[in-house]
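# quick one, structure for this:
(one chain, ligands or ions: 2)
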Amino acid sequence: MKKQTYYQCPVCHSSWTTIGEAINCRNRHQAKIEKWCYCEVCGQGWNAHAHWGEKGAADLARKCEQEHKDKGETEELSRVTFFLSGGTKGRYYPLKGEERK
Ligand SMILES: [Zn+2]
Ligand SMILES: [Zn+2]
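Residues are numbered from 1 along each chain as shown. Ligands and ions are numbered 1, 2, ... in the order given. Just a heads-up that it's a prediction; the model follows:
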C-alpha cells in the first residue's frame, strides 16, 4: 500500500504534497483585496463585492450620508462615530463658534 500525506491550504482547500507549498498557497491569499464603502457619518459599511457591486456600495453609502444630512444630524453623529471608532470612521467637526462661547 501507499500512503500519501497532503497539506491543505486553509483558505482555498487545495491539497499540496509539501507543507511549504501549502503555506505558500495560504500566504498568497492573505493579500486578498476587499473594498468597502463607508458612510462618513455613521460608519456603516457596504462590501463592494456584494451583489450590488462597487458602484452600488458607493451609492448606498452616499444615500446613507444624505439621509443623515436630511435629518440634520451629520455633524453630531460624525463626531460620535469618530470617537467611538477611535478615529477610523466618521469625521471630526471642530466645535462651532456658538458652542465655544
Ligand atoms: Zn490556497
Ligand atoms: Zn450613515
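# could you use CA atoms for every contact and neighbour count after this?
OK.
# hmm, the one helix or strand Asp70 maps to touching ligand 2?
Assigned by DSSP states H and E, Asp70 belongs to helix 53-71. Yes: in terms of CA under 5 Å from the ion, part of helix 53-71 sits within range of ligand 2, namely Cys64.
# how about the residues of this protein that lie near ligand 1?
9, 12, 25-26.
# let's see it at 6 Å
Proximity of the chain to ligand 1 is confined to 9, 11-14, 25-26 under the rule CA under 6 Å from the ion.
# pick out the lowest-pLDDT one from those.
Within those, the minimum per-residue pLDDT falls on Val11 (85).
# ok, it touching His29?
Yes: judged on CA atoms under 8 Å, Val11 makes contact with His29 at a distance of 7.0 Å.
# just the CA trace of the helix holding Asp70, in PDB.
The C-alpha trace of helix 53-71 is given here as PDB (Å, rounded to 0.1, in the frame of the first residue of the first chain):
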ATOM      1  CA  GLY A  53     -21.200  45.900  -6.900                       C
ATOM      2  CA  GLU A  54     -18.700  48.700  -6.200                       C
ATOM      3  CA  LYS A  55     -21.000  51.400  -7.700                       C
ATOM      4  CA  GLY A  56     -24.000  50.100  -5.700                       C
ATOM      5  CA  ALA A  57     -22.000  50.100  -2.500                       C
ATOM      6  CA  ALA A  58     -20.900  53.700  -3.100                       C
ATOM      7  CA  ASP A  59     -24.400  54.700  -3.900                       C
ATOM      8  CA  LEU A  60     -25.700  53.100  -0.600                       C
ATOM      9  CA  ALA A  61     -23.000  54.900   1.400                       C
ATOM     10  CA  ARG A  62     -23.800  58.200  -0.300                       C
ATOM     11  CA  LYS A  63     -27.500  57.600   0.300                       C
ATOM     12  CA  CYS A  64     -26.900  57.000   4.000                       C
ATOM     13  CA  GLU A  65     -24.900  60.200   4.200                       C
ATOM     14  CA  GLN A  66     -27.600  62.100   2.500                       C
ATOM     15  CA  GLU A  67     -30.200  60.700   5.000                       C
ATOM     16  CA  HIS A  68     -28.200  62.000   7.900                       C
ATOM     17  CA  LYS A  69     -27.900  65.400   6.200                       C
ATOM     18  CA  ASP A  70     -31.700  65.400   5.700                       C
ATOM     19  CA  LYS A  71     -32.200  64.700   9.400                       C
END
